[in-house]
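Visitor: Could you work out the structure for the sequence below:
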Amino acid sequence: MKTRQGFVSNSSSSSFIIVGARMTTDDFLRFLNIENTEEVDIYDVINANDFNGDAVYDDDNYVYLGEQIFYSETFRDCPEFEIGEFGRKIKERTQIIEELEKAGYKVKLYMGEIGDG
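Guide: Residues are numbered from 1 along each chain as shown. From the prediction side, this is the model:
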């Protein structure tokens, strides 16, 4: 299970690359058909991983949901990808991407940092 969230105990920040959609926490919960959102802890939902992809929560009420390509304490650790290899990697794991597109989300490549940086 490749679950990642906005809090990393041994680091002040973490870097990620994900192909998917950026959505508010409320939209994320609606996407998962969770109705009573006031009593839900977003970290519990992400850690339960009851969805077909990876999620990154940025602590600003946004979730990046999709296929995570990279996650580390720094972008310096990011491996190099050739375009063809990157494309094959995404095509192998498309279920969550298809679900996002079917729900009307535009799938994009997101790179960012979470935490105190």
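Visitor: For residue 68, give the beta-bridge partners.
Guide: Beta bridges link residue 68 to residue 18, judged by DSSP bridges.
Visitor: Would you mind measuring from it to residue 15?
Guide: Residue 68 is 11 Å from residue 15, where distance means CB to CB, to the nearest Å. C-beta coordinates here come from the backbone N, C-alpha and C atoms, glycine included.
Visitor: go on, residue 90?
Guide: Distance of residue 90 to residue 15, computed by CB to CB: 19 Å.
Visitor: which one of the two has more residues nearby?
Guide: Using other CB atoms under 10 Å, the more surrounded residue of residue 90 and residue 15 is residue 15, with 20 against 16.
Visitor: ok, that one touching residue 74?
Guide: Yes - counting by CB atoms under 8 Å, residue 15 does reach residue 74; the two are 5.8 Å apart.
Visitor: If I follow the layout properly, residue 64 ends up in contact with residue 19?
Guide: No - using CB under 8 Å, residue 64 makes no contact with residue 19, being 9.5 Å away.
Visitor: Which one of those two is surrounded by more residues?
Guide: Ranked by neighbour count (other CB under 10 Å), residue 64 and residue 19 place residue 64 first, with 26 against 23.
Visitor: what's the neighbour count on residue 17?
Guide: Residue 17 has 20 neighbouring residues, counting by other CB under 10 Å.
Visitor: isn't it right next to residue 109, touching?
Guide: Yes - under the criterion of CB under 8 Å, residue 17 makes contact with residue 109 at 7.0 Å.
Visitor: Tell me who's in contact with residue 17.
Guide: 68, 69, 70, 71, 78, 109, 110, 111 (CB atoms under 8 Å, 6 or more residues apart in numbering).
Visitor: what's the average pLDDT for stretch 53-73?
Guide: Averaged across stretch 53-73, pLDDT comes to 83.
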